[in-house]
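> Sequence and computational prediction follow.
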Amino acid sequence: HPDMYERAVLRKPQNKKYGVTVDLWSIGVTFYQTATGSLPFIPYGGPRKNKEMMHKITTEKPEGMIAGVQHRDCGPVEWSKELPITCRLSEGLKFLLVPILANILEADQAKCWGFDQFFAETNDILHRSVIHIFSLQQATVHKVYVHSYNTINVLMDAIFRQTGVPAVEQEFMYEGYYLELDLAQQVHLVPKTTEERPIILVSKEQKAPIGITYKEPDVPTFPPMFDLISDANLAKIVTCAVHQLLRITKSIMKCQDFILRGVYWMLAILKEECRKTLQRAATLNLKLDFCKSTMMRIQKIYGPHSRMNQSDGGDVHMKLQLTVHFLATISQNVQNSQKQLDQIAAQWSNTNDIHHKDSTIGKVEVLLEKVSAIHQQLKKDRMRMKLQYNDEQIHKFEKLNMGIHAKKVLALVREDCEQKYKKLLTCVKDWMRIACDIRKQLRSFGEQCESLHCDLENCEAYLNNMFHQIPLKLEGDQSTTKSTASTVYPDQKCMEMAIRMKQLKQEMEHVTKELQQNNMIIQSLSDGQKPQGV
């Protein structure tokens, strides 16, 4: 705290009384250092060498800032409202922690929180549930902190703040299936997630890949001069850098695992949706064939000059012709989509094989063991303070080996791991663009098929009504014939009428039987066994 620093470090006399702000400031500095590994306020040369500047930074800190660093002597202070990129905390936790730091790293007691509010906010974080999310298109890992009693609507808003994907565009996959979430549902009903088993977020719209963000550590080189203390200190920095490179490598490989897993699920789901769309089109084709055959029989009975070729009958005929063309178009487009998915699946398979054969993590771990062993040896040499000639030569040789091992790790990360990762991100961008287009197309086809189903149901009802009016028409024709025409051969007329009625009965029985068969086929298709999960 500036007041405490002024009295304890600068040794300046003061009559100020210390309040809760001093304790909360200390807690804020501790939080920041724990989260980042460095102090929040650093003058050029460090706080021990530049004490006056350290005091100036803490007293002149703008409101809301949580860090300030001076990079050159007498230079300006670079202020920050956010935790640095090197901070390993998740974005979700950063979002909750930064406001706390901003309100307790305040020297002014009027602006600083009290303990009641501090404990209320920190306890609020501790009582939240963590939902692990992986954004497939963006290739980013997220931890969303929400209360278990919050609704899905609150969860989706929190996801939007971290990913930029609006709630209306969010779709979720879990264990190979689309995860249907009700906005009014509470978060505790969401499947349990872990860092290894997150919920996969898919946007309905194409999003540019971002990938994991990290800062590559600086790996210092050893000077040629022999210095036990300097060499031990540099060995510690090199070992820390290699540890960080290993963490980066593991993060990249885990991200690739999630990408390949999510793409595999997406392909399986889209293939199943294509199959269902083709099945639905086949069902509509059965209804269409029935309507067409029924219409032909009615036209045959009514004759070419009947009202079946006029008004409503003409509209039905036109609708049936349009339906034939549209169903053919749907089937063709879906088959083309299936071919595209098969191509992506082949590319995915090759990429997945390369990924599983990748041994970068194992190589970096072996090199890290060697670097750590050399670091321990250089620490022992520093404790001895003076080495014999042979030990000195071994020391120099080990120092040289440490530099070589560190360069190998850098080369593995830069030239192997990062390059494969960037290549996969490029592939994912193309794959997900195609998948989004197919998904939109299938969704549109589903809506159009629903409309077609209603139209065919109406056509079927109209044709059935027309078909059942045939006996009334024949009776009307018979009475008209009796009243207007002279019957020269009554027995012959009765015989013709009987034959026509018999034919009509056979036609109706045939149509009824065909309708029953079609209904059975449609029912069997609808009740077909659902495919197993991926």
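Sure, I can see it. Numbering: from 1, shown residues only.

> all contacts plus neighbour counts: C-alpha atoms, from now on.
Fine.

> Show me the shaky parts of this protein.
Scanning the chain for pLDDT under 70 picks out 1, 3-18, 299-317, 467-534.

> Show me what the top helix by length along it is packed against.
The residue-count maximum for a helix in the chain (DSSP state H) belongs to helix 228-302. Packed against helix 228-302 by the contact rule (3 or more C-alpha pairs under 8 Å, 6 or more residues apart in numbering; DSSP states H and E) you find strand 177-178, helix 311-357, helix 360-384, helix 389-411, helix 418-468, helix 490-526.

> quick one: which of those is nearest Pro191?
strand 177-178 (12.2 Å; C-alpha to C-alpha).

> strand partners of the helix or strand following the closest one, parallel vs antiparallel please.
The first helix or strand that comes after strand 177-178 along the chain, using DSSP states H and E, is strand 199-203. Strand 199-203 has the following strand partners under DSSP bridges: strand 129-135 (parallel), strand 170-174 (antiparallel).

> Just want the angle from the first one to helix 228-302.
Using axes from the mean of the first three to the mean of the last three C-alpha atoms, to 10 degrees, the inter-axis angle of strand 129-135 relative to helix 228-302 is 70 degrees.

> how about the helices and strands packed on helix 228-302 in TSV, adding mean neighbour count and distance to Thr151?
Putting the helices and strands packed on helix 228-302 into TSV (neighbours: other C-alpha atoms under 10 Å; distance: least, C-alpha to C-alpha, whole Å) gives the following:
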stretch	mean neighbour count	distance to Thr151
strand 177-178	14	19
helix 311-357	15	35
helix 360-384	18	40
helix 389-411	17	45
helix 418-468	17	27
helix 490-526	14	34
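
> Which residues are in contact with Gly446?
Thr277 (C-alpha atoms under 8 Å, 6 or more residues apart in numbering).

> oh, and call the first residue 45 from now on, that's how I've got it
Taking 45 as the first residue, the last one we looked at is Gly490.

> Most tightly packed of the strands paired with strand 243-247?
strand 173-179 (a mean of 22; mean count of other C-alpha atoms under 10 Å).

> which strands and helices sit next to the helix or strand just after that one?
Past strand 173-179, further along toward the C-terminus, the next helix or strand under DSSP H and E is strand 184-190. Packing contacts for strand 184-190, counted by 3+ C-alpha pairs under 8 Å, 6+ apart, involve helix 135-148, strand 173-179, helix 196-207.

> of those, which approaches Lys473 most closely?
Each of the helices and strands packed on strand 184-190 has some distance to Lys473 by C-alpha to C-alpha; the shortest is strand 173-179, at 12.5 Å.

> coming back round to it: columns distance to Pro91 on top of the helices and strands packed on helix 272-346, output as a markdown table?
Compiled in a markdown table, the helices and strands packed on helix 272-346 are given as follows (distance: least, C-alpha to C-alpha, whole Å):
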| stretch | distance to Pro91 |
| --- | --- |
| strand 221-222 | 54 |
| helix 355-401 | 46 |
| helix 404-428 | 26 |
| helix 433-455 | 30 |
| helix 462-512 | 37 |
| helix 534-570 | 74 |
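
> Nearest to Phe159 among these would be which one?
Judged by C-alpha to C-alpha, the one of the helices and strands packed on helix 272-346 that comes nearest to Phe159 is helix 404-428, at 43.3 Å.

> Report all helices and strands that the closest one contacts.
Other helices and strands packing on helix 404-428, by 3+ C-alpha pairs under 8 Å, 6+ apart, are helix 272-346, helix 433-455.

> and the angle from the shortest one to helix 272-346?
Regarding helix 433-455 and helix 272-346, their directions subtend 20 degrees when assessed with the same axes, to 10 degrees.

> what's the distance between Asn434 and Cys471?
Plainly put, Asn434 is 54 Å away from Cys471 if you go by C-alpha to C-alpha, to the nearest Å.

> Verify the stated contact: Phe162 with Ile144.
Yes. If you go by C-alpha atoms under 8 Å, Phe162 and Ile144 touch, sitting 7.3 Å apart.

> coming back round to it: tell me the most buried of the helices and strands packed on helix 404-428?
Highest mean neighbour count among those (mean count of other C-alpha under 10 Å): helix 272-346, a mean of 19.

> Give me the angle between that one and helix 404-428.
Using the same axes, to 10 degrees: helix 272-346 against helix 404-428 is 170 degrees.

> Compute the inter-axis angle for helix 272-346 and helix 462-512.
Helix 272-346 and helix 462-512 meet at an angle of 20 degrees, taking the same axes, to 10 degrees as the criterion.

> now helix 272-346, how far from the centre of its chain.
Centroid separation for helix 272-346 versus its chain: 10 Å, with C-alpha atoms, centre = their mean, to the nearest Å.

> same question, stretch 112-130
34 Å.

> Tell me the span between the first and last residue of it.
Its first and final residues considered, stretch 112-130 spans 15 Å by C-alpha to C-alpha.

> which other residues reach it?
When contacts are taken as C-alpha under 8 Å, 6+ apart, the neighbours of stretch 112-130 outside the stretch itself are 80, 84-89, 101, 105, 108-111, 138, 142, 146, 257-259.

> Please, a ChimeraX command that selects the buried ones among these?
One line in ChimeraX is enough to select the buried ones among the contacts of stretch 112-130; burial here means 16 or more other C-alpha atoms under 10 Å:
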select :80,84,85,86,87,88,101,105,108,109,110,111,138,142,146
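
> residues near Ala151, how many?
For Ala151, the neighbour count with other C-alpha atoms under 10 Å is 21.

> Look at it and give its secondary structure.
Classification of Ala151 by DSSP: H, G, I helix; E, B strand; the rest coil places it in coil.

> dump the residue contacts of it.
His45, Pro46, Thr65, Val66, Trp69, Thr102, Thr103.

> same deal with Cys493?
For Cys493, the contact set (C-alpha under 8 Å, 6+ apart) comprises Arg324, Ala325.

> Report the buried residues of stretch 65-73.
When neighbours are counted by 16+ other C-alpha under 10 Å, the buried residues of stretch 65-73 are found to be Thr65, Val66, Leu68, Trp69, Gly72, Val73.

> For my notes, please list those in CSV and give secondary structure and distance to Gln485 for each entry.
Formatted as CSV, the buried residues of stretch 65-73 follow (DSSP: H, G, I helix; E, B strand; the rest coil; distance: C-alpha to C-alpha, whole Å):
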residue, secondary structure, distance to Gln485
Thr65, helix, 60
Val66, helix, 62
Leu68, helix, 57
Trp69, helix, 57
Gly72, helix, 52
Val73, helix, 54
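
> want to throw those into JSON lines with distance to Arg305?
Compiled in JSON lines, those are given as follows (distance: C-alpha to C-alpha, whole Å):
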{"residue": "Thr65", "distance to Arg305": "49"}
{"residue": "Val66", "distance to Arg305": "50"}
{"residue": "Leu68", "distance to Arg305": "45"}
{"residue": "Trp69", "distance to Arg305": "45"}
{"residue": "Gly72", "distance to Arg305": "40"}
{"residue": "Val73", "distance to Arg305": "40"}
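
> ok, those residues vs Asp201, which is closest?
Using C-alpha to C-alpha, Gly72 comes nearest to Asp201 of these, at 28.2 Å.

> So that closest one sits against Leu145, correct?
Yes. Taking contact to mean C-alpha under 8 Å, the distance of 5.6 Å between Gly72 and Leu145 places them in contact.

> Quick one: neighbours of Thr238, just the number.
Residues within reach of Thr238, counting by other C-alpha under 10 Å, total 12.

> Show the contacting residues for it.
Going by C-alpha under 8 Å, 6+ apart, the list of residues near Thr238 reads Ile175, His176.

> give me that answer again for 6 Å
Thr238 makes contact with no residue under the criterion C-alpha atoms under 6 Å, 6 or more residues apart in numbering.
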